[in-house]
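Colleague: Give the three-dimensional model of this entry:
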Amino acid sequence: MAKRQLGLGKKSKTNKKQKVEDEETSAASTNELTVELDHEVDPNDEFSQLHGLWDTYLGGERDNELILNGIVNECDRLLRNSTTDKITDKFYAIYGVALSELAKFKTEEAKDVTAFFNELIDRLDTGLKKFPHSPELLFAKSKVLINQVPLQYISQLDLNSKHKDINVKELLDRVLQTYNGAESKAIEQKRFHLFNSESFEILQALDDTLEIIDNFGKDHIEADDDREDEGLGKNSDDDNDENGNEIKLDEDHSLYQIRESDEYNLWWREKTIVFLNQVKKDKAVDKALVLELNKLLGQSYLKESEGITSIYTTLMYDDDFEGEELEGFTKHELQKIAQELIGKALKYLEAAEDDDDPESWVLVSEAMISLANCYELESEDQESLYKKAEKRLERANKATQGRYQEELDNLLQN
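Modeller: Now for the predicted structure:
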């Protein structure tokens, strides 16, 4: 594999090791770092070397600020010294996202984060003016915008923050709009290779952001509890659940609308399905990514089914409940909805099964058990699903030297 040090183009092409100065050190004490590239690059092409270094960073731990500084500094240098026709949309995409990654190391000062995002969005917008039809640049801008939401905005909120002060919904909508444009252009131009693990990080980042919003406020409550333990009193009224449940937000809070809506979760799933379909069209199909996407989609449908299944179980088996409806649904309506949702989950989880991953077999088994529980007791459908689940659990248990014995015992006892 190719090796190179930070600072592209600083040495002659015969030098295998190249250097970049750490911004925080003097020229006399240059901080050197050798980076082993994941694939060979053209030693005569500085842009090819930049792409190789960026790919290597993406495939690594992503915890090295020095590498990012080297990439950003090299982008600065190439932008100053290269002719316009050599600057591509991919160059601007790397430039912007590298700055976005670097912003994660600057979170202690809000002004630093803001400055970073202002600069990198300006870089991407400059690129988009030159390459207005580039899906790669739009994917890059989507990634930057979704990273910006928690780092620059949500991090500044507290339980008293108001929608009129920081409109997070509007910020998320801008992410969705930009991503939709990238997706549309990539499909239109048949650039299916852009539906890769790097681009999927945008949807993953959205999912992470929604989880942050769902859990928002818990750290504030914990801080209040610490203050109370120290005899300092609380910062806010204690109107929240102390058992780990969702913290209540006022209707005019910056995050209230997002938390109370399924809009973004459903958008995530819809776009993940589209993403999966495009990944399959690429000539070099990323099989690991296909498995992961199927798994996530299956888990998404299972998660949605949980509430429906719980209500159905109450109507079906709770002797203390005498009504024919609950939450506006009859048990037959709930049964049908639950079966449809879990059936979809099962389809994706079966597509995510990997012969080398026993956990994937167990996920399918658990979905089968959940689906079986939505059929009448001892019905043919129920018994068939239980038997299929049992076979998968037995196989997984054997392959892992008994790791799933408890799950298997529970199934056999019931």
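Colleague: For this protein, which segments count as strands?
Modeller: In order along the chain, the chain carries the following strands (DSSP state E): 3-5, 34-36, 325-326, 329-330.
Colleague: what comes into contact with the third one?
Modeller: The list of residues contacting strand 325-326 from outside it, by Cβ atoms under 8 Å, 6 or more residues apart in numbering, reads 311, 314-315, 334. Yep, even glycine has a C-beta here, placed from its N, CA and C like the rest.
Colleague: May I see the residues you listed organised as JSON lines, with neighbour count and pLDDT added?
Modeller: JSON lines is the format used below for the contacts of strand 325-326 (neighbours: other Cβ atoms under 10 Å; pLDDT from 0 to 100):
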{"residue": "Ile311", "neighbour count": "19", "pLDDT": "90"}
{"residue": "Thr314", "neighbour count": "16", "pLDDT": "84"}
{"residue": "Leu315", "neighbour count": "20", "pLDDT": "84"}
{"residue": "Leu334", "neighbour count": "24", "pLDDT": "94"}
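Colleague: of those residues, closest to Gln152?
Modeller: Taking Cβ to Cβ as the measure, Ile311 is the one of the contacts of strand 325-326 closest to Gln152, at 39.7 Å.
Colleague: from memory that closest one sits against Thr330, does it?
Modeller: No. Taking Cβ atoms under 8 Å as the definition, Ile311 is not a contact partner of Thr330, at 10.6 Å.
Colleague: Give the closest residue to Leu408 in space, chain neighbours not counted.
Modeller: With Cβ to Cβ, 6 or more residues apart in numbering as the criterion, Leu408 has its nearest non-adjacent residue at 4.6 Å, and that residue is Leu393.
Colleague: Tyr256 against His163, yeah?
Modeller: Yes. Applying Cβ under 8 Å as the test, Tyr256 and His163 come out as touching, 7.0 Å apart.
Colleague: Let me see the domain layout of the chain.
Modeller: According to automatic domain parsing, the chain is divided into the following domains: 126-223+247-285, 305-413.
Colleague: Can you lay out those domains as CSV showing distance to Asp63?
Modeller: What follows is the domains of the chain, written out as CSV (distance: least, Cβ to Cβ, whole Å):
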stretch, distance to Asp63
domain 126-223+247-285, 16
domain 305-413, 26
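Colleague: Tell me, how many residues neighbour Lys218?
Modeller: Lys218 has 15 neighbours, counted by other Cβ atoms under 10 Å.
Colleague: For it, give its distance to Phe116.
Modeller: As for Lys218, its distance to Phe116 is 27 Å (criterion: Cβ to Cβ, to the nearest Å).
Colleague: I figured the residue nearest to Leu408 was touching Leu411, is that so?
Modeller: Yes. The pair Leu393 and Leu411 passes the contact test of Cβ under 8 Å, sitting 6.4 Å apart.
Colleague: Have a look at the two and say which one is more surrounded.
Modeller: For Leu393 versus Leu411, neighbours defined as other Cβ under 10 Å are more numerous around Leu393 (26 against 19).
Colleague: quick one on the thing from earlier: for the contacts of strand 325-326, work out which two are farthest apart.
Modeller: It's Thr314 and Leu334 that sit farthest apart of the contacts of strand 325-326, by Cβ to Cβ, at 9.3 Å.
Colleague: Touching stretch 262-279 from outside, list them.
Modeller: With Cβ under 8 Å, 6+ apart as the criterion, stretch 262-279 contacts 172, 176, 179, 183, 186-187, 192, 195-196, 199-200, 203, 206-207, 210, 258, 285-286, 289-290, 293-294, 296-297, 300-301.
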